[in-house]
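Peer 1: Sequence below, structure please.
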Amino acid sequence: MNKSLLNKSILVLMGGESSEREVSLSSGKNVLNSLVELGFRTKSLDCSGNFIPKLRNIDPDICFNALHGKGGEDGKIQGLLESEGIPYTHSGVYASSLAMNKAFSKELFKKNNIKTPSYKIIKINELRKIKYKKPFVIKPINEGSSKGVYAILNESGMNNLIDIQKTWVYGDKVLIEDYIKGKEITCSVNGNQVTEVMEIFTNTDFYDYEAKYTNGASEHIIPAKIPSSISKLVQEISLKAHKIFKCKGVTRSDFRFDENFGSDGLFILEINTQPGMTSTSLVPELFGRIGFSFNDLVISLLEDASCNR
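Peer 2: Residues are numbered from 1 along each chain as shown. Here you go, the predicted structure:
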């Protein structure tokens, strides 16, 4: 670690007002504990309500962005920090706003010949009448942590559409995409460093919110039990996505892989510019397998912090 970094005051941004508030608080707490252990001068700030005067009063040298969801990984907090001239971790305004929007992301994947499930955008009030080949997945356009995600696998699942429509709180539009059978696969990138590929087992139809943040609800296999050629392809695509989105710091790319079709069965679902740093999060585990401790990951992100990202 650069010794001059220890002289910097670090502010951990956490909480916020998105549907992923609790996840962010958990990530932020872990990062804060790491910074204290490493000997940094550090504070945390809950970015809910009118937090900007508090941010200005603290006047940190660097902000560690541990926010998730709207406001934290969609370019808004990044734009604020740019305007305040405060260096920060993770991706900048462009990459964050692009990656957070699943429809924009899919179009960029397609433009760069990265296979992603076919999709369409509809208004939420049209959901109960949707004519779409089953199985399919319902997703909010701008959410993370699998919030608001539903898998409709058969005709009985269609009976849930009315309830989903009635209880929907994620905006007036919804993304419908093909459900890809097979394995849940993920890989992380930090700068130009790429991790091994992880396979995720759950008892659910996909890696949902409960499976992500409940201890013991999912099993993580590293390296993934897939052909080495597919693992290499996952790594290549993860790094390619990181670069074409102009990401900074750490990202995680999520895939589904249908073994019956070889490389044609590999589909990227999304790229996450603010991966979780909780006790059950995948990125710390992935980097741990290549000799990067949680503290090492935190230091790496701080060393990369800047404006104009």
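Peer 1: C-alpha from now on. contacts and neighbour counts both.
Peer 2: Noted.
Peer 1: Count the residues that sit near the closest residue in space to Gly71 that isn't next to it in sequence.
Peer 2: Distance criterion CA to CA, 6 or more residues apart in numbering; nearest residue to Gly71, sequence neighbours excluded, is Ile77 at 5.9 Å. Ile77 is flanked by 21 other residues according to other CA atoms under 10 Å.
Peer 1: any idea of the pLDDT on Ile77?
Peer 2: With respect to pLDDT, Ile77 scores 98.
Peer 1: cool, Ser156 as well?
Peer 2: pLDDT, Ser156: 75.
Peer 1: List the buried residues of stretch 169-187.
Peer 2: For stretch 169-187, burial by neighbour count (16 or more other CA atoms under 10 Å) applies to 170, 173-180, 182-187.
Peer 1: What are the boundaries of the helices in the chain?
Peer 2: 21-38, 52-58, 76-84, 93-100, 102-111, 155-158, 161-167, 209-213, 228-244, 282-288, 294-304 (DSSP state H).
Peer 1: Using CSV, please lay out those helices together with distance to Asn125.
Peer 2: Output for the helices of the chain, formatted as CSV (distance: least, CA to CA, whole Å):
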stretch, distance to Asn125
helix 21-38, 27
helix 52-58, 36
helix 76-84, 28
helix 93-100, 23
helix 102-111, 19
helix 155-158, 15
helix 161-167, 7
helix 209-213, 24
helix 228-244, 33
helix 282-288, 35
helix 294-304, 42
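Peer 1: now the residue nearest to Gly71: how far from Pro275?
Peer 2: 16 Å (CA to CA, to the nearest Å).
Peer 1: swap in Ser4?
Peer 2: Ser4 is 27 Å from Pro275, by CA to CA.
Peer 1: more crowded one of those two?
Peer 2: Pro275 (25 against 7).
Peer 1: right, and that one touches Val283 too?
Peer 2: Yes - counting by CA atoms under 8 Å, Pro275 touches Val283, with 6.7 Å between them.
Peer 1: any shared contact partners between the two?
Peer 2: Listed as contacting both Pro275 and Val283 by CA atoms under 8 Å, 6 or more residues apart in numbering are Arg252.
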